[in-house]
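*Asks:* Predicted coordinates and the sequence they were generated for:
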Amino acid sequence: MRPGLVLAVGPNGIGKTNLLEALHVGTQGFSPRTRNDLQLIRFGETATRVAVRGRRGTVPLEVELVVEAGAGKRAKANGAPLRATEQLRSETATLVFTPDRLGVVKGAPAARRAYFDRSIGRLSPARAQLATDYGAAVSQRNASLRRVASGHSSRDALAPWTAQVAELGTELVAARRETLQLLGPHFAERASELGLPEGELRYDGAPPSVAALDERLDRDLERGVTGLGPHLDDVVIASGTRELRGYGSQGEQRLAVLALLLAEAELIVERGGVAPLLLLDDVLSELDPDRRRILAARVARVGQALITATDAAMLPADPDQLLEVSAGVVREAA
Ligand SMILES: Nc1ncnc2c1ncn2[C@@H]1O[C@H](COP(=O)(O)OP(=O)(O)OP(=O)(O)O)[C@@H](O)[C@H]1O
Ligand SMILES: [Mg+2]
């Protein structure tokens, strides 16, 4: 794949998403589509292999990843075996759009929390574990709540978990707010360029304090779950006064997800990182020709991107490279 904008075209069901998924697996160590790695293996086979060669900035990078039924997943970067395929994530940033990602804008709050918590990890790797650690503290507190409710332990036993939920929860809220503050101006700019005026990312939630957690203890004991904290917060994605979750059109929701990806890509570069690889699957449908043109121009400026489409004419701009996907073969168009 050459730098700039690469367009991969081919009929439905030919393997375009497959190609894009392979690039994601080869650069991130996991599929954007499924958590079940066995689904990556071709029907009737017992293993699959993805090899990716390229550059990270100016440094050559070669990744080889193998998934074998019964033996799990392993990867090598520049010939050296990795302890875990997840390490690839700290080597390269890959941002992906698939139609599923519309859930970030139109789905339930959990989809947005998960999305922005991954952004935290990409933008400040030191805090990549924060959301997971907080989640674990909530689970521990919930288990403790149920033990207290059933009379198997005293209320005192809850205190350390309450303290931990408050501490990690406060850190997580701060990290999310900081990340939204960083992303916000870039998001607004990209959204406006794509025709969504006054784009805004707003955190909906507050840091949980020990006092606030204690105050609702009776209710928490009754329900057996912690009813306060960033595991219940949301991010409002808006254009002006319109919350796009409820009031955005399909196309606008798509533009908002794209503006988020572009905002993060720019931010990574601004903070001295290497421009991420953008993988945009089926992104052009639902967008009018003007917006497709603006998107293509912006994407080409951000770094390297692969866009899939059923027909080259869907992109009203010349890609830097045009790939034709046919059964089992990807060929550069003449
Ligand atoms: N594990 C597998 N082994 C073999 N074939 C598979 C496997 N998983 C999916 N397929 C098939 O691979 C084909 C290519 O799928 P893919 O999603 O890449 O097509 P596409 O070119 O993106 O099509 P569309 O334009 O409709 O999005 C599909 O017919 C799918 O059923
Ligand atoms: Mg597809």
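*Replies:* Thanks, I have it. Ligands and ions are numbered 1, 2, ... in the order given.
*Asks:* Quick check: nearest residue in space to Leu213, chain neighbours excluded?
*Replies:* Once flanking residues are discounted, Leu213 sits nearest to Thr162: 5.0 Å by C-beta to C-beta, 6 or more residues apart in numbering. Any C-beta I mention is one placed from the backbone N, CA and C, and that applies to glycine too.
*Asks:* how near is the one you found to ligand 1?
*Replies:* 46 Å (C-beta to the nearest ligand atom, to the nearest Å).
*Asks:* how about that residue, what does it touch?
*Replies:* Applying C-beta atoms under 8 Å, 6 or more residues apart in numbering to Thr162 gives the contacts 141, 210, 213-214.
*Asks:* low pLDDT regions in this protein?
*Replies:* By pLDDT under 70, the weakly predicted segments of the chain are 1-3.
*Asks:* for the stretch 151-300 of the chain, what spans make up the helices?
*Replies:* Ranges of helices in the stretch 151-300 of the chain, per DSSP state H, counting those that start in this stretch, are 159-193, 210-215, 217-223, 244-247, 250-270, 289-302.
*Asks:* Which elements pack onto the shortest one?
*Replies:* Translated: helix 244-247. If you count contacts as 3 or more C-beta pairs under 8 Å, 6 or more residues apart in numbering; DSSP states H and E, helix 244-247 packs onto helix 103-106, strand 234-239, helix 250-270.
*Asks:* if we can go back for a sec, quick one, which of the helices of the stretch 151-300 of the chain is packed in tightest?
*Replies:* Scoring the helices of the stretch 151-300 of the chain by mean neighbour count under mean count of other C-beta atoms under 10 Å gives helix 250-270 as the most buried, with a mean of 22.
*Asks:* can you count the residues close to Leu82?
*Replies:* 16 (other C-beta atoms under 10 Å).
*Asks:* that older thread, nearest to ligand 2, of the helices and strands packed on helix 244-247?
*Replies:* Distance to ligand 2, taken as C-beta to the ion, is lowest for helix 250-270 among the helices and strands packed on helix 244-247, at 15.3 Å.
*Asks:* CA-only coordinates of the closest one in PDB, if you can.
*Replies:* Taking C-alpha atoms only, helix 250-270 is exported to PDB below (Å, rounded to 0.1, in the frame of the first residue of the first chain):
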ATOM      1  CA  GLN A 250     -28.000   8.600   9.400                       C
ATOM      2  CA  GLY A 251     -25.600  10.600   7.300                       C
ATOM      3  CA  GLU A 252     -24.900  13.100  10.100                       C
ATOM      4  CA  GLN A 253     -24.200  10.300  12.600                       C
ATOM      5  CA  ARG A 254     -21.800   8.900  10.100                       C
ATOM      6  CA  LEU A 255     -20.100  12.300   9.700                       C
ATOM      7  CA  ALA A 256     -19.800  12.600  13.500                       C
ATOM      8  CA  VAL A 257     -18.000   9.200  13.800                       C
ATOM      9  CA  LEU A 258     -15.700  10.300  11.000                       C
ATOM     10  CA  ALA A 259     -15.000  13.600  12.600                       C
ATOM     11  CA  LEU A 260     -14.100  11.800  15.800                       C
ATOM     12  CA  LEU A 261     -11.600   9.500  14.000                       C
ATOM     13  CA  LEU A 262     -10.100  12.400  12.100                       C
ATOM     14  CA  ALA A 263      -9.900  14.500  15.300                       C
ATOM     15  CA  GLU A 264      -8.000  11.700  17.100                       C
ATOM     16  CA  ALA A 265      -5.700  11.100  14.200                       C
ATOM     17  CA  GLU A 266      -4.700  14.800  14.100                       C
ATOM     18  CA  LEU A 267      -4.300  14.900  17.800                       C
ATOM     19  CA  ILE A 268      -2.000  11.900  17.800                       C
ATOM     20  CA  VAL A 269       0.200  13.700  15.200                       C
ATOM     21  CA  GLU A 270       0.000  17.000  17.100                       C
END
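*Asks:* chain center to that helix: distance?
*Replies:* Mean-position distance between helix 250-270 and its chain equals 11 Å (C-alpha atoms, centre = their mean, to the nearest Å).
*Asks:* now stretch 62-72
*Replies:* Relative to its parent chain, stretch 62-72 has a centroid offset of 22 Å by C-alpha atoms, centre = their mean.
*Asks:* how about that stretch: buried residues?
*Replies:* By 16 or more other C-beta atoms under 10 Å, the buried positions in stretch 62-72 come out as 63-67.
*Asks:* Ok, stretch 267-287 next?
*Replies:* Within stretch 267-287, the residues that count as buried by 16+ other C-beta under 10 Å are 267-268, 273-284, 286-287.
*Asks:* thinking again about what came up before, let me have the helices of the stretch 151-300 of the chain in TSV, adding distance to Leu322 as columns.
*Replies:* Below are the helices of the stretch 151-300 of the chain laid out as TSV (distance: least, C-beta to C-beta, whole Å):
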stretch	distance to Leu322
helix 159-193	25
helix 210-215	57
helix 217-223	56
helix 244-247	33
helix 250-270	21
helix 289-302	13
